[in-house]
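[1] the following block contains a protein sequence and its predicted model.
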Amino acid sequence: MEGTMKGAYLPGNSTVVLKDVPIPKPGHGQVLVKTKSCTICGSDIRAIYREHTGKGAEGYQNVIAGHEPCGQVVEEGPGIRRFKKGSRVIVYHISGCGVCHDCRMGYMISCSSPLRAAYGWQRDGGMAEYMLCDEKDLVELPDSLSYTDGAQVACGFGTVYEAIMKVGVSGNDNVLVVGLGPVGLATAMLCKAMGAGKIFGIEANGFRVDLAKKLDLFDKVLQAAESNVDEIKSLTGGSGVERSFDASASDKGRAAAIRAARQWGKIAFVGEGNTVSFNPSPDIIHPQKSIYGSWVTSIWLMEDLVERLVRWNLHPDILVTHRFPLEKADEAYKLMDRGQCGKVAVCFDSELK
Ligand SMILES: [Zn+2]
Ligand SMILES: [Zn+2]
């Protein structure tokens, strides 16, 4: 494909710059994807939009932004083995070397090679009309899922599914989710589909408390307060929840996730940044609790998740409260930064309702 396209860049200082750049040409093992939807992740805001927090090669390399892209293959490079022109695809957002230990496990997020490049961080991402993708980074998007469903799988829902699989969630478990931004809401959606018992949420932002209630994913949503741990205990017969998830990334939120978990409970941290303080003996050692860290997911688990979303008839796009065309990417990032929203998507063509 010849010509130019628009792409959105994030120079820092909470700004977005649109530039005209040439439409890329797929090389060996690559395809050109027509972007249909690209959602904005909390880490885009925290680590790139406000300021570039990553150091050196691990930081944002002034490329086209957007690491939650989904679209359709429009051009095949030589040597393509599975996907073809017309394939609907989610982009697993880290391109790994393919031959280090974690890449071989499918966890390209943890690739240890200097060749590792995340879309929207070290190589061009989805905030553009087209994007160049390595075929090995693609996950097939089933026909019954929308491109905006798929965009959220590329990072957010994939991250949540990984954390849930690490701690395990079933009908045996009451669940607490702390922080009800898009990741927290996704956690409740998936835990509910997996048969969790009661699901509770804690959130500080009033808009997000209201949105969580409206989506009807929780048995109870609590406004963040010092009394939250006691409230969760009294809602669970005095014992606390079997599984808790922190997506708040706040010191207090994480401590609440630990303390509201019952004896032998499992806690997963997915929210990034900041710190946490707790007292090891009374908070985790004596009550036999385990804390899990979880970072994104593997590409095979992402494929499994997509299959389950179809089976469960779940549509991640119900979490999208605002859609913008690429020309208004500036407004999209600004809104996500303020947090008076659910998930925010930059959409193209028919996805722009
Ligand atoms: Zn992300
Ligand atoms: Zn690797």
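    Perfect, thanks for sending it. Ligands and ions are numbered 1, 2, ... in the order given.
[2] of all residues in this structure, which one is nearest the centre?
    Gly156 (1.4 Å; Cα atoms, centre = their mean).
[3] and whichever residue of the stretch 101-250 of the chain sits closest to ligand 1, what does it touch?
    Nearest residue of the stretch 101-250 of the chain to ligand 1: Cys155, at 3.3 Å (Cβ to the ion). Every residue, glycine included, has its C-beta placed from N, CA and C. Contacts for Cys155 were tallied using Cβ atoms under 8 Å, 6 or more residues apart in numbering; they are Thr39, Cys41, Ser43, His67, Glu68, His93, Val296.
[4] for the last one, give its distance to ligand 1.
    Okay, so that is Val296. For Val296, the distance to ligand 1 equals 7 Å [Cβ to the ion, to the nearest Å].
[5] next, count neighbours for the residue nearest to that residue when sequence neighbours are not counted.
    Among residues not flanking Val296 along the chain, Ile109 sits closest, at 4.0 Å (Cβ to Cβ, 6 or more residues apart in numbering). Residues lying near Ile109 (other Cβ atoms under 10 Å) number 22.
[6] any idea how far Ile94 is from Ile109?
    5 Å (Cβ to Cβ, to the nearest Å).
[7] then Val169?
    Distance, Val169 to Ile94, using Cβ to Cβ: 25 Å.
[8] higher neighbour count, these two?
    Val169 (27 against 24).
[9] now do the same for the closest residue in space to Trp121 that isn't next to it in sequence: helix, strand or coil?
    Once flanking residues are discounted, Trp121 sits nearest to Tyr60: 5.4 Å by Cβ to Cβ, 6+ apart. Following DSSP: H, G, I helix; E, B strand; the rest coil, the label given to Tyr60 is coil.
[10] then the one 4 residues further on?
    Here Ile64 is recorded as coil under three-state DSSP.
[11] does any bit of stretch 258-272 sit next to ligand 1?
    No - applying Cβ under 5 Å from the ion, one finds stretch 258-272 separated from ligand 1 by no less than 9.0 Å.
[12] and that stretch, what's its mean pLDDT?
    The predicted model assigns stretch 258-272 a mean pLDDT of 97.
[13] how about the contacts made by Ser87?
    Ser87 touches Val31, Gln72, Val73, Leu138, Glu140, counting by Cβ under 8 Å, 6+ apart.
[14] these, buried ones only, as a ChimeraX selection?
    Burial among those is assessed by 16 or more other Cβ atoms under 10 Å; the matching ChimeraX selection reads:
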select :31,72,73,138
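[15] now, the contacts of Ser87 that are in strands?
    Counting by DSSP state E, the part of these found in strands is Val31, Gln72, Val73, Leu138, Glu140.
[16] from those, which single one is nearest Val221?
    Taking Cβ to Cβ as the measure, Val221 lies nearest Glu140 of those, at 34.9 Å.
[17] for that closest one, give the beta-bridge partners.
    When bridges are called by DSSP bridges, Glu140 pairs up with Val89.
[18] tell me the confidence at it?
    98.
[19] give me the distance between it and Ile299.
    Separation of Glu140 from Ile299 (Cβ to Cβ) stands at 11 Å.
[20] returning to what we had before: so the residue nearest to the centre of the chain, which of the three states?
    helix.
[21] can you check Phe83 too?
    Phe83 ends up coil, using three-state DSSP.
[22] now do the contacts for it.
    Applying Cβ under 8 Å, 6+ apart to Phe83 gives the contacts Val31, Val73, Glu76, Val89, Glu135, Leu138, Glu140.
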